[in-house]
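> Provided below for reference: sequence and predicted model.
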Amino acid sequence: MFRFPRVRIPALAAGALALCLTAACAPPGESEDAGSGGSGPIKLALVDAQSGQLSSLGKWEHKGVKLAVDEWNAAGGINGRKIQLDVFDDQGDPTVGTNIARKIASQKYIAMLGTAESAVTIAMAPILRQAEIPNIASGQSPGMVALKSPFLFLNGPTSTTYDESLAKYLVDDRKMKKIALITNNGAYGKGEHDAFLKAMADRGLKPVADEVVTIDQKDFSAQLTKIRQRGPEVIFLGAEEVESGLIVKQARDLGIRAPFAGAAPQGTPVFIDTAGAANAEGTIVSSPYLSNDISEQSKKFAAAYKAAFNEEAEMHGAKAYDGAQIMLTALKNSDVATGRKLAEAIRAVRYQGLLGDFAYDGTGVGIRATSIGIIKGGALTKAGG
Amino acid sequence: MQVFLQTLIGGLSLGAIYALVAMGFSLVYRTMGLVNFAHADVLMIGAYAASTFYMSTKLPFAVAMALAIALTGLIGLFIERVLRPLENKDFTLMLIGTIGFGMVLQAVAVLIWGATGHAVASPVQAAPLELFGLRVRTYDLVVLLIAAVAVVLLVGFLQRTKRGAAMQAVAMDHEAATAVGIHVGRSNAIAFAIGAGLAALAGGLVGPLLYVNPTMGGTIGIKGFAAAMLGGCGNIPGAIVGGLAIGVLDSFAAGHFQGYSELMVFLLFTVIIMIRPTGLFGEMTVSRA
């Protein structure tokens, strides 16, 4: 008699577990139809680096998307259905990304937002294309457009746009001729390298130095010393936030006084912190979103962002917010369609966002302009003239 | 010429860091015959601890470093204590145990400090020294100096103190050492604690040079491990030479092979190891369990 209850507890537990495995404990949403005509929540996947050196990007992007989704949910969702946003950590790693792509396809997510990493997006794209899952990504590598996937959209301009604007400002407006390049060999750096080199070639210019670093490199003395000897007027920088910061810090220590110029990563607080505000001073940045004070819309966004997360909004959050708004608008317009129909609906959306007016064409690019900013006193400000 | 010398100088300070990491690997390998795969993550914890004490509690850099070294020393003792029952029984499980500890430390770092990391301001504000057109960062000199002092202290400890001599004896023959009354477990614990302290020293010093985040152990750890192997694992002078060699090699490869520098460093490393499988200063390898 004494033993009886002892035997029963594990047996009960095993029974409960078995029951759980068969039906009751299926992941949320799996048992319901997430597609059109369904009644459960609308399942969206957010894929971004939530750990590793690129996790700042992932966190910003997550906040931007979450803000948009929360707004829509507070207003009653779409057709009375709530929007469910699930976060996947790709660690900034394309291999992890492809695994996640398969998971998203098998768990019947309608659409995907992210990643902020061009290389990860490119790795995931073939699987998403086959599974017909539309994706609005935050990378800017022209390599994404080259895939020609009808399911891949960008929430910002490509490197070609960023660097054309930058070259126009540096060469046409400021009359700079001696330009050095330092870029990394990752998907982002390679895209920047090729796009800026083309923009220079279009103006009949050749760089005085063209140095490539690896994405894991920590000491840049060899490349920076070569650049210093050429005495450039400006140094074009194509690398992510942390690495760019280290390059600028070491360049100043080596006595390089020339300003740096770059795109989105060079406008972020992580870049300024890593380089040190004094070292980053004067950096020229090409970006579609320079500050939170540009328009009424961006002020409103920044206030909501501050209220939700108690920190200042910045470009990546704004980009992701725009992307999420477009996705949700397309879902609403199409009556929660999936696959090819949803992709068509995204292409049809005309949206006036924080970054500008979105109008997608066949390439998946919706925005084709950036403005020029300069880092002054540790913050990004609009370039005068 | 100028590029050559500047590249050399650039490689030396990171080389000194790799040497410190390699010394930690070597010390534990020498006494226990075990590669501590958690070493790189202990370094990361040390970097976080030192930079947090330094930046948020505004302690002087040296005090922050001392606290970080004490903290990781305790972590080292803890790891050894957990692994001790396996000593001389299951070597593979001990190795897997250290890998597991590494992952746990990363997860703990994410829990405490978040996943994004932070930049550390340099504790030395002096302008770089100018010598014949070369620029030497004052902080690099500080790093080299501290690394040199650490080497002298460690070698002094191993060669001149009774405890150090006992550790050497354990390294040579742990059964004979036990027979003459040396506590092998305690000896191993000290090796682990000093190794972890060295990792914290390297991590604390590298913080202002790089960026502190939970995965920083990865790149520094693999180079430090390569440095230990290159010098001949278990050999302390070898670890120093190996560390400086990897640092300088890395720096030159970056200049000459640009995007392919990482590939070239490890290709050269492989060639050297093929010619001298025991490393540059390789003696007999310790094989226990």
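Received, thanks.
> please enumerate the strands of chain B.
Taking DSSP state E as the test, the strands found in chain B are B:118-119, B:129-131, B:134-136, B:211-212.
> who are the packing partners of the second one?
Put plainly, it is strand B:129-131. Contact here means 3 or more C-beta pairs under 8 Å, 6 or more residues apart in numbering or on different chains; DSSP states H and E; on that basis strand B:129-131 packs against no helix or strand. Any C-beta I mention is one placed from the backbone N, CA and C, and that applies to glycine too.
> for A:Gly385, give me the pLDDT.
Per-residue pLDDT puts A:Gly385 at 49.
> for chain A, which spans come out with low pLDDT?
Counting by pLDDT under 70, chain A has low-confidence residues at A:1-38, A:384-385.
> can you give the domain ranges for it?
Structural domains assigned to chain A are A:11-157+A:296-359, A:159-287, following automatic domain parsing.
> please name whichever of these is nearest to B:Arg30.
In terms of C-beta to C-beta, the element of these nearest to B:Arg30 is domain A:159-287, at 27.5 Å.
> distance across that closest one, terminal residue to terminal residue?
End-to-end distance of domain A:159-287 (C-alpha to C-alpha, to the nearest Å): 10 Å.
> out of the domains of chain A, nearest to chain B?
With C-beta to the nearest C-beta as the measure, domain A:159-287 is the member of the domains of chain A nearest chain B (2.6 Å).
> next one: the closest one to chain centre, how far?
20 Å (C-alpha atoms, centre = their mean, to the nearest Å).
> you'd agree B:Phe266 is up against B:Met229?
No: B:Phe266 is beyond contact range of B:Met229, at 11.1 Å (criterion: C-beta atoms under 8 Å).
> which of those two has more neighbours?
More crowded of B:Phe266 and B:Met229, by other C-beta atoms under 10 Å in any protein chain shown: B:Met229, with 26 against 16.
> where's the more buried one relative to B:Val21, distance?
B:Met229 is 12 Å from B:Val21, where distance means C-beta to C-beta, to the nearest Å.
> which positions in the stretch 151-289 of chain B make contact with chain A?
B:209-211, B:213-216, B:219, B:247, B:250-252, B:254-256, B:258-262 (C-beta under 8 Å from any C-beta of the partner chain).
> one more time with 7 Å
Contact residues (C-beta under 7 Å from any C-beta of the partner chain) of the stretch 151-289 of chain B with chain A: B:210-211, B:213-215, B:219, B:250-252, B:254-255, B:258-259, B:261-262.
> ok, A:Ala383 - contacts?
Contacts for A:Ala383 (C-beta atoms under 7 Å, 6 or more residues apart in numbering or on different chains) come out as A:372-374.
> kindly report the same for B:Gly247.
B:11-12, B:14-15, B:18 are the contacts of B:Gly247 under C-beta under 7 Å, 6+ apart.
> most neighbours of all those residues, which one?
B:Tyr18 (33 neighbours).
> returning to what we had before: among the residues of the stretch 151-289 of chain B next to chain A, which are located in helices?
B:219, B:250-252, B:254-255, B:261-262 (DSSP state H).
> return the member of these nearest to chain A.
B:Gly255 (2.7 Å).
> does the closest one touch A:Gln223 like I think?
Yes: proximity of B:Gly255 to A:Gln223 meets the contact threshold set by C-beta atoms under 7 Å, at 6.4 Å.
> grab the nearest non-local neighbour of A:Glu281.
A:Ile375 (6.1 Å; C-beta to C-beta, 6 or more residues apart in numbering or on different chains).
> partner strands of the strand or helix carrying the one you found and their direction?
According to DSSP states H and E, A:Ile375 maps onto strand A:371-376. Partners of strand A:371-376 in the sheet, by DSSP bridges, are strand A:284-287 (antiparallel), strand A:379-382 (antiparallel).
> could I get these as JSON lines with mean neighbour count and distance to B:Asp173?
Listed next are these as JSON lines, based on neighbours: other C-beta atoms under 10 Å in any protein chain shown; distance: least, C-beta to C-beta, whole Å:
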{"stretch": "strand A:284-287", "mean neighbour count": "27", "distance to B:Asp173": "63"}
{"stretch": "strand A:379-382", "mean neighbour count": "16", "distance to B:Asp173": "64"}
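> which of B:Gly255 and A:Gln223 has more neighbours?
A:Gln223 (26 against 23).
> show me the contacts for that one.
A:182, A:211, A:213, B:254-255.
> what are the boundaries of the helices in chain A?
Using DSSP H, helices in chain A cover A:4-19, A:55-74, A:94-106, A:118-130, A:142-146, A:159-167, A:187-202, A:221-230, A:241-253, A:269-275, A:277-280, A:296-309, A:315-333, A:339-348.
> for the nearest residue to A:Thr329 once chain neighbours are set aside, the count of nearby residues, please.
Closest residue in space to A:Thr329, ignoring its immediate chain neighbours: A:Val349 at 5.2 Å, by C-beta to C-beta, 6+ apart. A total of 20 residues lie near A:Val349 under the criterion other C-beta under 10 Å.
> also the one 5 residues further on?
Neighbour count of A:Leu354, defined by other C-beta under 10 Å: 23.
> look up the closest residue to it, ignoring the ones flanking it.
Nearest one to A:Leu354, counting by C-beta to C-beta, 6+ apart, is A:Ala318 at 4.3 Å.
> so that neighbour touches A:Lys63, yeah?
No: using C-beta under 7 Å as the test, A:Ala318 is too far from A:Lys63 to be in contact (10.2 Å).
> which of those two has more neighbours?
Neighbour totals were compared for A:Ala318 and A:Lys63, and A:Ala318 leads with 27 against 19 (other C-beta under 10 Å).
> now do the contacts for the more buried one.
By C-beta under 7 Å, 6+ apart, the contact set of A:Ala318 is A:64, A:289, A:301, A:354-355.
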